[in-house]
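Peer 1: A predicted structure for the sequence below; I have some questions about it.
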Amino acid sequence: MDLVRKLLLLLLAAGARPALAGEPLSTSLGALKRMSVEDLMTIEVTSVSRSESTLGQSPAAVFVITPEMIRRSGATAIPELFRMAPGMDVARIDGNKWAVSARGFNQRFQDKLLVQVDGRTVYTPAFSGVYWDTVDYPLEDIERIEIVRGPGASVWGANAVNGVINILTKSAVDTHGGFVGGGGGSTEQGFGTLRFGGSAGDDVFYRFYAKGFARDETFATVGDPNDAWWSGSGGMRLDWRSSEQDAAALDVGYLRSVAGRRDERAQLAAPFSFLNLEDEITDAGHVLGRWTRQSDEDNSWSVQVYGDRIARLADNLPVRLRVDTYDVDFQQQLRLGERQKIVYGAGYRYIDTFISASGRDDGFALTFAPADAQFNLFSLFLQDQIALAPERLELTLGSKFEHNEFTGFEVQPTVRLLWTPSPRHSIWAAASRAVRTPNLSENAGSATLLPGGSPLIYPRTIPNRNFDAEELLAYELGFRVQATTTLAADLALFYHDYESLRASVPGATFTDPSGATIRPLQVQNALTGETFGAELSVQWHPLESWRMHFAYTRLKMDLHRRAGLAASAEAAEGQSPRHQVYLQSAWDLHGSVELDLIGRFVDDLEGFNPGGARNTIAAYYSLDARVAWHSLENLTLEIVGQNLLDPQHPEFGTSSRVMAPIAEPRRGVYGKVTWTF
């Protein structure tokens, strides 16, 4: 707590001498540092409609994380950045795993959030979600992160149910020269990034990077958490502008992650379970190419093609996993008359997977049948933006049409209305349909859970090849106001109506060939429910040298189970907090010194009941602090403290499908040096 007191004293002392409005700042701080509230409202956004718009003119609940916000966050991993956005729930499960969701339904295997990096879907068909330990990129090379809460399925397709995260990296045009950054500390044991960019002639630009880190274990009340993590990655980007109209980009990347894991697994022999300690070794790589032609401001088309592979392996891992994805996407934007803008496109995706049991698991704990599978996904989308009253009232109609291997043909429409009574005020409303299509675990996977009772009974989840898509009808209303040149607020209200949600339905016990007594738990579309909520974001710049960001999230979930249906951990109301608060103060002190304080409040979680015992994750407050000194024009020194209010505290509980001890992120401090040349 001494460090916390010292940081608070430093903040009070800074108040006696803030940077004057006319004082020069180091050019390394960048133009975004001095962005006014008006500038922030005009930041480019493309994730809402797949066409260029601005934050202030988007008929959706969208939040943009800028490079300056990333730099001043003190974050060392991409999921930590999402905490800034209202409506987002980011909980660190252990040293290398996160539960990330929008508008509820948070869990370790979250399946209602679409995540993309430069338009490349970061997705595993094993559970319709993201392995966050494979999503890594130099934070300094991220152009922006667009977070859309609510359905984005009308343009992005299935699984964009509760939100879309689009991570956009910088063009090689914007990363000339060299960058070296590195540091280390207590939990962040060591990290470093090296990047160099240049040009070949006037039209070709390139960037190469390498990145690596090692992170220490978290805290566990019982035993060794075995969740240390190290990772290394590298890649290159090439941007070529062959003419004033044509541009091409090529992006190549590779990552290796070694992430520790601890969990308890069922086995036939006494004591009928064993403690599994292992390293999950993941290799991931991708190649992405894009060609764009911009005829004029309102007419353009692009073609994007990518292929990627993810492979996970460990000696005791219950599954060996390999996923190869090949995707081609075309879209065109054109003006139809003076009041209509049409955006349409088509896509095809081929996925080849292999999942099998390995190590100590002889097929009793987990099986996939068949082990290898191939999928085709065909899609079309059409969106029409109609100016009912130029610069005042705009109507957007659109839909995605998809055909997948599990549920066949799906239609996901939206209607959105944007009213701008003045340049400083806008009101929007939307109604949308979205679906979450089945995954391999639901269609072909079987997992035996820890046994209990006398006589001994093993619960076992069994697949359901008739499992249908989960459905959402969403209704949203939003208000944006720029009250003054230094104060702006963004409020989104929503009501989500869900049908055919997943639940594990128990069946009659039976004896399998091994002699074990099994209680089957079949995944079925047996839940319905509603969620209600409000998401508020406020930007306040009381001084040119002092900026504040406030976010508040209110969520209420009401799920309905059939009579006699066992509680479903996959859709439990208590796994998402009812209230969340985020507050960041960014202060530029005299002498090119920056002070950033980030406070968070997360309400308690009551949805975890491993072994039938109630297990509540208590509400917590968190404080991070960052002090940076731009000692030279291109050299920055900084120290960051994380989770300063407690020695450690838990943020999430144990999944019913993977029984692991609750890990508690520790208080940590690290130093960092960056140099650009």
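Peer 2: Thanks, I have the structure now.

Peer 1: How about Asn634, nearest residue that isn't a chain neighbour?
Peer 2: Of all residues not flanking Asn634 in the chain, Thr676 sits nearest, at 4.6 Å (C-beta to C-beta, 6 or more residues apart in numbering). Using the backbone N, CA and C atoms, a C-beta is placed for each residue, glycine as well.

Peer 1: So in terms of bridging, what pairs with that neighbour?
Peer 2: Beta bridges link Thr676 to Phe179, judged by DSSP bridges.

Peer 1: Who are the contact partners of it?
Peer 2: By C-beta atoms under 8 Å, 6 or more residues apart in numbering, Thr676 lies in contact with 28, 177-179, 634.

Peer 1: These: which two are farthest apart?
Peer 2: When C-beta to C-beta is used, the two most widely separated members of the contacts of Thr676 are Ser28 and Gly178, lying 13.5 Å apart.

Peer 1: wait, doesn't His649 sit right on Arg666?
Peer 2: No. With contact defined as C-beta atoms under 8 Å, His649 does not reach Arg666; the gap is 9.1 Å.

Peer 1: okay, and the common contacts of these two?
Peer 2: Once C-beta under 8 Å, 6+ apart is applied, the residues that His649 and Arg666 both contact turn out to be Asn643.

Peer 1: can you give me how far the host helix or strand of Val627 is from the chain middle?
Peer 2: Element membership of Val627, judged by DSSP states H and E, is strand 620-632. Counting by C-alpha atoms, centre = their mean, to the nearest Å, strand 620-632 is centred 23 Å from the centre of its parent chain.

Peer 1: Then stretch 641-649?
Peer 2: Chain-centre distance of stretch 641-649: 23 Å, with C-alpha atoms, centre = their mean.

Peer 1: for that stretch, which positions count as buried?
Peer 2: 641-644, 648-649 (16 or more other C-beta atoms under 10 Å).

Peer 1: quick revisit: any idea how far the residue nearest to Asn634 is from Met659?
Peer 2: Separation of Thr676 from Met659 (C-beta to C-beta, to the nearest Å) stands at 47 Å.

Peer 1: Check Pro390 too.
Peer 2: In this structure, Pro390 lies at 59 Å from Met659, with C-beta to C-beta as the measure.

Peer 1: Which one of those two is surrounded by more residues?
Peer 2: When neighbours are counted by other C-beta atoms under 10 Å, Met659 comes out ahead of the other of Pro390 and Met659, with 18 against 9.

Peer 1: and the longest strand along the chain, which strands flank it?
Peer 2: Once the chain is assigned using DSSP state E, the strand that runs over the most residues is strand 517-543. According to DSSP bridges, strand 517-543 forms sheet pairs with strand 458-462 (parallel), strand 487-506 (antiparallel), strand 510-511 (antiparallel), strand 546-561 (antiparallel).

Peer 1: Which positions in the first one come out as buried?
Peer 2: Going back to what we said before, that points to strand 458-462. Residues of strand 458-462 classed as buried under the neighbour-count rule (16+ other C-beta under 10 Å) are 458-462.

Peer 1: Need these in a markdown table (columns: pLDDT).
Peer 2: Shown next, in a markdown table, are the buried residues of strand 458-462 (pLDDT from 0 to 100):
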| residue | pLDDT |
| --- | --- |
| Tyr458 | 93 |
| Pro459 | 92 |
| Arg460 | 92 |
| Thr461 | 91 |
| Ile462 | 92 |
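
Peer 1: Just the CA atoms of stretch 286-294, as CSV, please.
Peer 2: Included here for stretch 286-294 are C-alpha records, laid out as CSV according to Å, rounded to 0.1, in the frame of the first residue of the first chain:
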residue,chain,number,x,y,z
HIS,A,286,-1.4,-16.7,-41.1
VAL,A,287,-1.0,-15.1,-44.5
LEU,A,288,-3.4,-12.4,-45.6
GLY,A,289,-3.7,-10.5,-48.9
ARG,A,290,-6.0,-7.6,-49.8
TRP,A,291,-6.5,-5.6,-53.0
THR,A,292,-8.6,-2.3,-52.9
ARG,A,293,-9.7,0.0,-55.6
GLN,A,294,-11.1,3.4,-54.6
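
Peer 1: Which parts of the protein are helices?
Peer 2: For the chain, the helices defined by DSSP state H occupy 2-15, 37-40, 67-73, 78-81, 153-156, 440-444.

Peer 1: Go ahead and confirm Ile281 touches Ser257.
Peer 2: Yes. Here Ile281 lies in contact with Ser257, judged by C-beta under 8 Å, at a distance of 7.4 Å.

Peer 1: So between these two, which is more surrounded?
Peer 2: Set side by side, Ile281 and Ser257 show more neighbours around Ser257, with 23 against 15, by other C-beta under 10 Å.

Peer 1: Surely the more buried one touches Asp133?
Peer 2: Yes. Counting by C-beta under 8 Å, Ser257 does reach Asp133; the two are 4.8 Å apart.

Peer 1: Return every residue with contacts to both of these two.
Peer 2: Taking C-beta under 8 Å, 6+ apart as the criterion, Ser257 and Asp133 both touch 96, 229, 231, 280, 282.

Peer 1: Now distance to Gln267 and neighbour count too, for the residues you listed, in JSON lines please.
Peer 2: Putting the shared contacts of Ser257 and Asp133 into JSON lines (distance: C-beta to C-beta, whole Å; neighbours: other C-beta atoms under 10 Å) gives the following:
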{"residue": "Asn96", "distance to Gln267": "25", "neighbour count": "25"}
{"residue": "Trp229", "distance to Gln267": "27", "neighbour count": "24"}
{"residue": "Ser231", "distance to Gln267": "31", "neighbour count": "21"}
{"residue": "Glu280", "distance to Gln267": "20", "neighbour count": "20"}
{"residue": "Thr282", "distance to Gln267": "25", "neighbour count": "20"}
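
Peer 1: Hmm, which of those residues is lowest in pLDDT?
Peer 2: Of all the shared contacts of Ser257 and Asp133, the one the model is least sure of by pLDDT is Glu280, with 91.
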